[in-house]
Structures are given as structure tokens and as C-alpha cells.
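Student: just to be clear, the model below is a prediction. Sequence and coordinates:
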Amino acid sequence: MKKLLLTAFAFWSSAALAEDQISPSPFIEALPDDIERRIAADSVRSIFDAGLQNGNVSEQFIQRSNMWSLGDTLRVCFFGGTQGLRARIAKVALSWTQPGAPVKLDFGNLNDPRICGSGSGISHIRIGYSYRGYWSLVGRDSLVYADQYQQSMNLQRFDSTPPSSPEFERIVLHEFGHALGFQHEHQNPLSSCEEEFNWDIIYRELRGAPNFWDDDKINHNLRRMPYYSGDFASTFDRTSIMLYTFPEYYYRMGIASKCYSPANDVISAGDRAALSAAYSQRPASINALTEFAKALPPQDRSAAFDRIEFWKLQSDAALVVSEGRKDIEKPLFASTIKKLPKTAIDQNALDNFYTERNK
Ligand SMILES: [Zn+2]
């Protein structure tokens, strides 16, 4: 279960906390169970994770490879929401893709952004409001682990009781940061937040209500990501939109901690620089994983190369995903079908997941 939440990123759900009145502890949302199950059952992912654990693969290579291709245009759609709400979210999100940004966002008509399921072609980022909390799948995971009829991003209750400004902007920008491939800044390999956290308090709080996280999950979501020689990571950026605003008592030095941040509402200069740098280094990451894949045993090698081919695709290519044992072909844009990689969902891993969960 160690890697279960590799791509599960969460955001404080202050709205849920305020309304649910469950506990004075902050509520941190993770991905929904159905998506967690798919990630846990991804047998191709586990091939790369094995390389990670024996030091032959870098976490950052994997993360960068999972980003979109340079120059991609990502179609965004909404599962509902008024015209005004959709237009407001689109306008905020477009702050990520100023001229010179490595990818573009396509909302359709900016005054009346696209509704999911309308028109032709698939959407890479699908926004809904019905789950608890705020979350987004990271980069291409939105195509691998969620179907077209499923959300890849959740903005809880924005359709009924949207947060006021600047909370509204902060949440939208943060979640789109994940959709473009960003991790949380407090886990930056070059940060010292791990040393600054007050772990006794964090474990006690997050093990209890309202989160009920086990220690693996706490470590996975809060501990620093490993740094490997040759990795690129930008220096820790306290102003990053990807930095959580943890309660001050989560830090041994309180608000004097270098990692403590009051709410960051805008994309920082460091965020923009990191986006460009990460996308420019993406081909090198894919090459490194290709070298790793060449040395795998034959049955793993072929599956790993399928995934690498998927990573190389432009956003307008085609995709085949496998659900259980049933393969479904999804033309992204019918005119430019290029390659048909697979997400191998391993039925045994899926069964094990259920068994473990039900213990
Ligand atoms: Zn987040």
C-alpha cells in the first residue's frame, strides 16, 4: 500500500470543516476510493515503482514523464455549474497558461465553457463538485485512472456555495497545478519541512477524526520526496501556490518556520519557472525511463514500453484503457489516432486491494 497514494493529492477542505463541525482538526481530502483502487491495481505503475525502490529510477523522472507533452492543448470540461461559475473558474485557471507556458488550456467558449459529454472528442481535465473536498488527478493520470464520465478534479460545492475570494482563486489555481503535473511544495526534495514539522502532533491529529489516516498515508502525503542525484527540483518556494497552509502548531517553530505559509493566492514566479523547467526536462526523463525499461525482463519490458509510448503522446492522440479484463478504445481526436497503449489493470492486485481494505 506504500505507493497507493502516489498520485493522490489533497487540499484542505475548510468548507467541509466549517460545515461538518466534526473536529477542530483540519480535514484533508484524498482521492475517492474508486480512483485509489485503479491506482493500486496498476500493474505497469508497479514496474516503475519497483525500480524506484531499488534506486534505479527517480521519482522525478516518473512524475515528469506523467506530465503532458510540450505544446499540448488540454481540453477542459465541467460536470455542471452555471455559465457564470464555469466562466469564472476558466478565467482563474488560465493564469497558468500565460504566453510562453509549455501547455495550453482549452475551455471552448470562454464565456460559456464546455460541458462534459457535449460535442466530440475527449476532455483531459473534467471538473465536478460532488465529491468531498478538493482534489485533482495529476497530469496524465486524468486519462489513465478516471474515465470520461468521471471527474478528474473536484471543487466541492463550488456549484452551490462557492468560497469567497481569494479562497476561490487559491483552490482553483492549486488544483490546476496538480492537473498540469505539480506536486506539493512541502514535499519538495530540497525543502526542510520534514525537519520542521511537529510530527507527534501531526500523527496524533491525522490518525484521528476527521481524517483517520494510517501512518503510511501520513508519511506519503507529508514526508519529503526522495532526491536522487541528477534530479531537478527548484529550491523551496514559500510563496508557491502548491504549498499547503498547515496550522501553525504543525511546525515546531510555529509561524517562524520557513515552511509555514499564510494562504498563497497567486501563482508564484517560482511556480512558473518550475513549470517551464519541468516540461523542458521531460524528454530527458522519458529517455532515462526508456533505458530502465530496456533492462527489464521481457514481460515487464513490453508493458513498460507501452506506458512510455503513452507518455510520449501528444494530447490529441488515441488511447486504449483496460478496465478489468475488458479493453475499451477511446479516440481522443478521431482524426489523429496514432498509437494504442494500454493501462493494464491487474485483477489480482485489485482483489488484494479489496481484501486489504476489508481487513
Ligand atoms: Zn494539493
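Tutor: Received, thanks.

Student: let me see the domain layout of the chain.
Tutor: 9-276, 295-357 (automatic domain parsing).

Student: right, so those: which one is the most enclosed?
Tutor: Among those, ranked by average contacts under mean count of other C-beta atoms under 10 Å, first place goes to domain 9-276 (a mean of 18). Where you see a C-beta, it was placed from the backbone N, CA and C, and this is true even at glycine.

Student: let's test this: mean pLDDT of it, rounded?
Tutor: In this model, domain 9-276 has an average pLDDT of 84.

Student: quick one: the strands in the stretch 51-200 of the chain?
Tutor: Applying DSSP state E, counting those that start in this stretch to the stretch 51-200 of the chain gives strands spanning 73-78, 104-106, 125-128, 134-136, 153-155.

Student: where exactly do the helices run in this structure?
Tutor: 14-20, 33-40, 43-53, 59-65, 83-93, 141-144, 167-179, 193-196, 199-207, 215-222, 269-294, 298-312, 347-357 (DSSP state H).

Student: was I right about Ile39 contacting Ala146?
Tutor: No - Ile39 lies out of contact with Ala146 (C-beta atoms under 8 Å); the separation is 10.3 Å.

Student: relative to Thr82, how far out is whatever residue of the stretch 251-359 of the chain ends up closest to the ion?
Tutor: Nearest residue of the stretch 251-359 of the chain to the ion, counting by C-beta to the ion: Asn264, 12.0 Å away. Going from Asn264 to Thr82 by C-beta to C-beta, to the nearest Å gives 27 Å.

Student: quick check: the gap between the residue nearest the centre of the chain and Arg252.
Tutor: For the chain, the residue nearest the mean C-alpha position is Val138 (2.3 Å; C-alpha atoms, centre = their mean). Applying C-beta to C-beta, the value for Val138 to Arg252 is 29 Å.

Student: give me the phi and psi for the residue of the stretch 251-359 of the chain closest to the ion.
Tutor: phi -90, psi 130 (degrees, to the nearest 10).

Student: what sits against it?
Tutor: Contacts for Asn264 (C-beta atoms under 8 Å, 6 or more residues apart in numbering) come out as Arg170, Thr239, Ser240, Ile241, Leu243, Thr245.

Student: distance to Glu309 added to those residues, as a markdown table?
Tutor: Compiled in a markdown table, the contacts of Asn264 are given as follows (distance: C-beta to C-beta, whole Å):
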| residue | distance to Glu309 |
| --- | --- |
| Arg170 | 37 |
| Thr239 | 37 |
| Ser240 | 32 |
| Ile241 | 32 |
| Leu243 | 34 |
| Thr245 | 39 |
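
Student: right, and the strands of the stretch 51-200 of the chain - which one's nearest Asn211?
Tutor: strand 134-136 (13.6 Å; C-beta to C-beta).

Student: strand partners of the closest one, parallel vs antiparallel please.
Tutor: Take DSSP bridges as the rule and strand 134-136 pairs in its sheet with strand 9-11 (antiparallel), strand 153-155 (antiparallel).

Student: and that strand, does that touch the ion?
Tutor: No - Strand 134-136 lies out of reach of the ion by C-beta under 5 Å from the ion, never closer than 7.2 Å.

Student: contacts only, for Ser142.
Tutor: His124, Ile125, Arg126, Ser136, Ser152, Met153, Ala179.

Student: list the residues that contact the last one.
Tutor: For Ala179, the residues meeting the contact criterion (C-beta under 8 Å, 6+ apart) are Leu74, Ile125, Ser136, Leu137, Val138, Gly139, Ser142, Ser152, Met153.

Student: out of the residues you listed, which is nearest to the ion?
Tutor: Ser136 (7.3 Å).

Student: mind listing the residues bridging to that closest one?
Tutor: Going by DSSP bridges, Ser136 forms beta bridges with Phe9, Met153.

Student: surely it touches Phe176?
Tutor: Yes - assessed by C-beta under 8 Å, Ser136 is found in contact with Phe176 at 7.4 Å.

Student: which residues do these two both contact?
Tutor: Ile125, Met153.

Student: list the contacts of Leu52.
Tutor: Contacts of Leu52 (C-beta under 8 Å, 6+ apart): Ser58, Glu59, Ile62.

Student: in CSV, list the residues you listed along with distance to Gln299.
Tutor: Putting these into CSV (distance: C-beta to C-beta, whole Å) gives the following:
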residue, distance to Gln299
Ser58, 24
Glu59, 24
Ile62, 20
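
Student: closest to the ion among the residues you listed?
Tutor: Glu59 (16.8 Å).

Student: verify the stated contact: that closest one with Met225.
Tutor: Yes - between Glu59 and Met225 there is a contact under C-beta under 8 Å: 5.6 Å.
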